[in-house]
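A.B. asks: With the input below, show me the fold.
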Amino acid sequence: MTDKIPATVVTGFLGAGKTTLVRHVLANANGRRIALIINEFGDVGVDREVLRGCGDENCADEDMIELANGCICCTVADEFIPTMQALFARSPRPDHIIIETSGLALPQPLVRAFNWPQIKSEVTIDGIVTLVDAAALSEGRFAADHAALDRQRLADEMLDHETPLGELFEDQLVCADLVVVNKTDLISAEELAGVEKQLSSHLRAGTRTVKAAKGVVDMAVLLGLGLASEDNLTGRESHHELEHDGTLHEHDDFDSFSLELPPTASRDALLDSIQRTILKHDILRLKGFAAIAGAPSRLAIQAVGPRINTWFDREWEADEARTTSLVVIGQNPLDREAIEAGLGPA
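C.D. replies: Predicted coordinates for the structure are as follows:
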């Protein structure tokens with residue numbers, strides 16, 4: 001057991017702050033060689049680019065592996081296992097592996113993959129960390145009120161099942177060893193207490209919670225848990241597995257696409273068009289990089305629902321095409337033509 005590489009699985013709903021948390025881990029690795037597997041959703045490697053900009057030796061390109069050909073939980077045999085085997089063969093081997101899953105990913109199939117013979121002898125799950133967006137939950141977004149749903153079921157047989165978003169949210173929580181309640185700086189103490197009460201009904205016995213702002217969590221809380229989660233699967237089953245005897249899920253409820261736009265003359269005008277388009281089309285997540293005319297640096301954009309965060313992350317490289325590249329994620333189907341028109345130049 002002492003020779004196994006510990007791995008931390010970081011999951012959480014869209015925009016909960018997974019990449020910010022991982023960046024914090026890399027910047028505070030204290031000499032540990034950390035390998036990172038990023039499971040993007042969409043064609044633009046936004047999360048990888050954000051992590052590359054952390055300016056730390058633990059952000060070396062060779063230690064970052066991006067799986068962009070679908071949800072990691074659906075491509076275990078084809079992509080995840082070969083990727084892990086390549087990490088095992090490195091010299092020196094990583095001291096720790098961080099796996100950042102897509103916001104649409106169920107962690108359960110991935111956790112079970114750690115019991116595959118090619119994996120189990122080499123690596124163990126140190127812990128499964130799930131992030132939640134406290135501000136979103138306080139607004140009633142991506143949260144489930146079981147009592148209200150039960151009352152509605154009694155009155156309407158059409159409401160026998162929770163929405164796919166609600167099920168996915170619960171499935172990520174029930175699989176967690178540690179829940180990071182992130183973005184607590186955006187809500188009041190009273191609202192936070194309400195969020196914690198909501199979460200408590202979905203957690204397995206013994207699951208710990210920790211409050212955070214901007215993904216900052218003590219490293220001693222995140223790493224070195226030594227839980228071997230792959231050996232403790234009881235109680236982590238997803239809704240789909242419980243209802244369909246372990247059959248893996250699909251992502252037909254979600255849609256995503258990438259688009260490129262020419263540089264915009266005004267940062268404010270671009271952000272205004274993004275906000276209007278998000279509200280009009282109920283976009284769950286939008287992220288990417290924008291080119292602002294006359295600006296030497298690219299503008300990083302991260303939007304969760306109507307909340308948009310931006311910052312200039314680095315200067316454009318001399319041979320780099322100055323275009324705006326965005327990934328849009330929402331419930332299926334997205335009206336791509338209308339969204340592109342809304343985001344495009346006036």
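A.B. asks: Test my guess that Trp316 contacts Arg322.
C.D. replies: Yes: between Trp316 and Arg322 there is a contact at 5.6 Å, judged by Cβ atoms under 8 Å. The C-beta positions use only the backbone N, C-alpha and C, and glycine is treated the same way.
A.B. asks: who touches both of the two?
C.D. replies: By Cβ atoms under 8 Å, 6 or more residues apart in numbering, Trp316 and Arg322 have these common neighbours: Ala291, Arg298.
A.B. asks: List the contacts of Thr324.
C.D. replies: Contact analysis of Thr324 by Cβ under 8 Å, 6+ apart lists Glu260, Leu261, Pro262, Pro263, Thr264, Leu270, Gly288, Phe289, Ala290, Ala291.
A.B. asks: Next, the buried residues of stretch 285-293.
C.D. replies: For stretch 285-293, a neighbour-count test (16 or more other Cβ atoms under 10 Å) marks Arg285, Leu286, Lys287, Gly288, Phe289, Ala290, Ala291, Ile292 as buried.
A.B. asks: Dihedrals phi and psi, the last one?
C.D. replies: So that's Ile292. phi -110, psi 130 (degrees, to the nearest 10).
A.B. asks: among the helices and strands of the chain, which has the poorest mean pLDDT?
C.D. replies: Scoring the helices and strands of the chain by mean pLDDT, DSSP states H and E places helix 146-155 at the bottom, with a mean of 40.
A.B. asks: Can you name the next helix or strand after that one?
C.D. replies: helix 164-175 (DSSP states H and E).
A.B. asks: and after that following helix, which helix or strand comes next?
C.D. replies: strand 178-182.
A.B. asks: All the helices of the stretch 1-150 of the chain, in order from the start?
C.D. replies: Listed in chain order, the helices found in the stretch 1-150 of the chain under DSSP state H, counting those that start in this stretch are 18-27, 46-52, 81-88, 107-113, 117-120, 134-138, 146-155.
A.B. asks: Can you tell me the centre-most residue of this protein?
C.D. replies: By Cα atoms, centre = their mean, the chain has its centre lying nearest to Gly103, at 3.7 Å.
A.B. asks: Next, the buried residues of stretch 128-142.
C.D. replies: So stretch 128-142, judged by 16+ other Cβ under 10 Å, has buried residues 128-138, 141-142.
A.B. asks: Quick one: distance of it to the chain centre.
C.D. replies: Chain-centre distance of stretch 128-142: 12 Å, with Cα atoms, centre = their mean, to the nearest Å.
A.B. asks: Check stretch 4-19 too.
C.D. replies: 7 Å.
A.B. asks: ok now do Met219, which residues does it touch?
C.D. replies: Val25, Asn28, Asn30.
A.B. asks: Just the pLDDT at Asp78, thanks.
C.D. replies: On pLDDT, Asp78 comes in at 57.
A.B. asks: just Asp56 next, same as before
C.D. replies: Predicted confidence (pLDDT) at Asp56: the value is 46.
A.B. asks: same deal with Ile97?
C.D. replies: At Ile97, the model reports a pLDDT of 92.
A.B. asks: State the number of residues packed around Glu320.
C.D. replies: Applying other Cβ atoms under 10 Å, we find 10 residues neighbouring Glu320.
A.B. asks: again but with Ser297, I slipped
C.D. replies: 14.
A.B. asks: What of Gly31?
C.D. replies: By other Cβ under 10 Å, 7 other residues sit near Gly31.
A.B. asks: now Ser201
C.D. replies: Ser201, neighbours per other Cβ under 10 Å, totals 12.
A.B. asks: what do you get for Val328?
C.D. replies: Burial of Val328 is recorded as 26 neighbouring residues (other Cβ under 10 Å).
A.B. asks: give the contact list for it.
C.D. replies: Applying Cβ under 8 Å, 6+ apart to Val328 gives the contacts Gly42, Ser256, Phe257, Ser258, Leu259, Ile283, Arg285, Leu286, Leu334, Ile339.
A.B. asks: What pairs with whichever strand or helix holds the fourth one, parallel or antiparallel?
C.D. replies: This means Ser258. Using DSSP H and E, Ser258 sits within strand 254-261. Next to strand 254-261 in the sheet, as set by DSSP bridges, lie strand 324-331 (antiparallel).
A.B. asks: For the next helix or strand after the strand it pairs with, give the mean pLDDT please.
C.D. replies: Next helix or strand after strand 324-331 toward the C-terminus (DSSP H and E): helix 336-343. For helix 336-343, the per-residue pLDDT values average out at 90.
A.B. asks: Give me the below-cutoff pLDDT ranges for the stretch 101-250 of the chain.
C.D. replies: 104-105, 142-165, 239-250 (pLDDT under 70).
A.B. asks: then the strand holding Ser258 to PDB, C-alphas only?
C.D. replies: Coordinates of the C-alpha atoms in strand 254-261 are reproduced here as PDB (Å, rounded to 0.1, in the frame of the first residue of the first chain):
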ATOM      1  CA  PHE A 254     -26.600  18.500 -21.800                       C
ATOM      2  CA  ASP A 255     -25.300  20.200 -24.900                       C
ATOM      3  CA  SER A 256     -22.200  22.200 -25.500                       C
ATOM      4  CA  PHE A 257     -20.300  23.900 -28.300                       C
ATOM      5  CA  SER A 258     -17.300  26.100 -28.900                       C
ATOM      6  CA  LEU A 259     -17.200  29.200 -31.000                       C
ATOM      7  CA  GLU A 260     -14.700  31.800 -32.100                       C
ATOM      8  CA  LEU A 261     -15.300  35.500 -32.600                       C
END
